[in-house]
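Here's a sequence, model it:
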Amino acid sequence: MHNADIRVLLVDDEEIIRDCITAYLEDEGFIVQSAASAEEALETIAAIRPAVCISDLRLTGMNGERFIVKAHSLCPATVYLLHTGTLYSLSDELREIGMTADDVLLKPIHDLSKLVNKIKQSAAAGRTV
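As a prediction, the model looks like this:
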């Protein structure tokens, strides 16, 4: 699978993080759409059907965990990753939709090539839950 075949949705309320990660992933050839809130992302996720969705945990309004649960009901084939600056243990709800500790990425990601590899690996594996 080529990066150009992988659609990614990035949800983060911090503009600088959203813009930097989006630009990097686009430079790597991914098709990237970003959203500043969970609510904004929910409006578009069903239309774009991303292979991978990366969401910040602490968002203004609906948090990343609630967003992923709602988004999964709209797009269950999407692989969801949480991006957070704090130590976090997955809730039972997130485990039920197939997320594991490997789906939690700690901020800041100093080597964005690791994020690229995680996206490629996740898109290739897909989710069948």
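
For this protein, give me the ranges with low pLDDT.
1, 127-129 (pLDDT under 70).

mind checking the SS state of the residue nearest to the spatial centre of it?
Against the mean C-alpha coordinate of the chain, by CA atoms, centre = their mean, the closest residue is Ile54 at 1.2 Å. Per DSSP: H, G, I helix; E, B strand; the rest coil, the local secondary structure of Ile54 is strand.

wait, it sits on Ile6?
No: counting by CB atoms under 8 Å, Ile54 stays clear of Ile6, with 12.0 Å between them. No exception for glycine: its C-beta is placed from N, CA and C like everyone else's.

which neighbours do the two share?
Here Ile54 and Ile6 have Ile119 as joint contacts, going by CB atoms under 8 Å, 6 or more residues apart in numbering.

bridging residues for the residue nearest to the centre of the chain?
Beta-bridge partners recorded for Ile54 (DSSP bridges): Leu10, Leu81.

which ones are touching it?
8-12, 21, 81-83, 105, 115, 119.

could you flag which of the residues you listed are buried?
Using 16 or more other CB atoms under 10 Å as the burial test, the contacts of Ile54 include 8-12, 21, 81-83, 115, 119 as buried.

what helices or strands is the helix or strand hosting Val8 leaning on?
Per DSSP states H and E, Val8 falls inside strand 7-11. On a contact count with 3 or more CB pairs under 8 Å, 6 or more residues apart in numbering; DSSP states H and E, strand 7-11 meets helix 15-27, strand 31-35, helix 38-48, strand 52-56.

Is Leu87 in a helix, a strand, or coil?
Here Leu87 is recorded as coil under three-state DSSP.

Quick one: residues contacting it.
Counting by CB under 8 Å, 6+ apart, Leu87 touches Leu106.
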